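Q: How does the following fold in three dimensions:
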Amino acid sequence: MTVADRPAPLVELGMAMGMLQRRDGHPVFSPWRRRVARSLPRTAHPILQLVSPLGAGPLFLDPPSGDLEEGMDQVLSTPRAQARAELRRMCAIDRPLTPWVRHLAERDRDAWQILGLAVRTGHASVIAEAWPRIEAGFHAETAWRSRVLARQGLHAALTGLAPSVRWRGSTLEAASPRDLDLTLRGRGIVLHPSLFWADRLLAAPLPDGRLLLIYPAVTPLPLRETSTPADPLTALVGSTRAQALRLLVRQHTTTDLARELAVSPAAASMQAKVLREAGLIASQRDGKAMWHWCTPLGLDLLAREGTSPNGTRPGPGSDTRRFGIDPHRRGGRRPGGR
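A: Got it, this is the predicted structure:
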């Protein structure tokens, strides 16, 4: 298994177009959705006919190339048979079979010119200005994920990708709206975080036979700082969650956490939820109170940072057993295909 070495602009565009259409429980993206919906040029709207809110899209639309022009060349040179098969697959999931989609399937020249313009204007509107933050977030995420892989191994690296992921014997399972079995046949996996995605794992085959697993970054783009912060932990999880993680080397209730962070209890609960889904903290209800504390993974991240909440290196008192941490709490089904 390897971790992608750079973000792919067309992968992020595809994830952004899927997230733009969501109307469910991802509140961190709500202001972003409203802003992008107002500013998205009409020439970019055809992409919405191809990309599902489930995150699925035609495989030819978002090649994992780190270069926009190279990716555009790959999109526009899609063979007719591949285009037809992928568009048929997307229409079977939830995309409308519009006249334009029919023309795409037949490799109609005008239809593909419309697609090329849609991808370029969508990228210019949604991705280009945010690219420095996307790159910073991607590299912070992959550096941390690579460390988890090196120190804790394959099982820990994969189960930490999303809250629904678990191992059943030698089979990796994750939540999916469709029943789907994927067999690697020894070809391997490439992990690719997305700063525009906040849901289940997405899987796609690569031309060399490996499996691309797209997963939500710990810190999505709407929560990233407008400038790159100085300390690595803040770069990875954002300033508020970094502060929360440092506090949670001691058990706190949601109310305590809100008071320490100077935010509302609802905001503290949301920050705790993101940290919990990233495997950095655990939570347990006791009557009306919800208690939170660092997991071994969270403590390891803080130890690597080299400081505790009071600015000193963590000492022996940071033993994970002190906080009653259960590192094995997981659940889910198979990874969903794109």
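Q: Tell me, how many residues neighbour the closest residue to L76 other than its chain neighbours?
A: Closest residue in space to L76, ignoring its immediate chain neighbours: G116 at 5.6 Å, by C-beta to C-beta, 6 or more residues apart in numbering. The C-beta positions use only the backbone N, C-alpha and C, and glycine is treated the same way. By other C-beta atoms under 10 Å, the residues close to G116 number 13.
Q: Now for G116: which residues touch it?
A: Applying C-beta atoms under 8 Å, 6 or more residues apart in numbering, we find G116 in contact with M72, V75, L76.
Q: Pull out the buried residues from those.
A: By neighbour count, with 16 or more other C-beta atoms under 10 Å, the contacts of G116 hold M72, V75 as buried.
Q: Including distance to V28 and pLDDT, could the contacts of G116 go into JSON lines?
A: Formatted as JSON lines, the contacts of G116 follow (distance: C-beta to C-beta, whole Å; pLDDT from 0 to 100):
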{"residue": "M72", "distance to V28": "30", "pLDDT": "97"}
{"residue": "V75", "distance to V28": "29", "pLDDT": "97"}
{"residue": "L76", "distance to V28": "34", "pLDDT": "96"}
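Q: L48 and D94, how far apart?
A: As judged by C-beta to C-beta, to the nearest Å, L48 and D94 stand 12 Å apart.
Q: More neighbours: these two, which one.
A: L48 (18 against 11).
Q: how does the protein divide into domains?
A: Following the assignment in automatic domain parsing, the chain carries domains at 2-129, 142-217+331-337, 221-323.
Q: Let me have these in a markdown table, adding distance to A136 as columns.
A: As requested, those are exported to a markdown table (distance: least, C-beta to C-beta, whole Å):
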| stretch | distance to A136 |
| --- | --- |
| domain 2-129 | 10 |
| domain 142-217+331-337 | 10 |
| domain 221-323 | 5 |
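Q: from the contacts of G116, which single one is nearest W293?
A: Checking the contacts of G116 against W293 with C-beta to C-beta, the nearest one is V75 at 46.5 Å.
Q: Am I right that the closest one is in a helix?
A: Yes - the assignment for V75 (DSSP: H, G, I helix; E, B strand; the rest coil) places it in a helix.
Q: and E12, how far is that from S77?
A: The gap separating E12 from S77 is 21 Å, by C-beta to C-beta.
Q: Looking at these two, which has the bigger crowd around it?
A: E12 (25 against 9).
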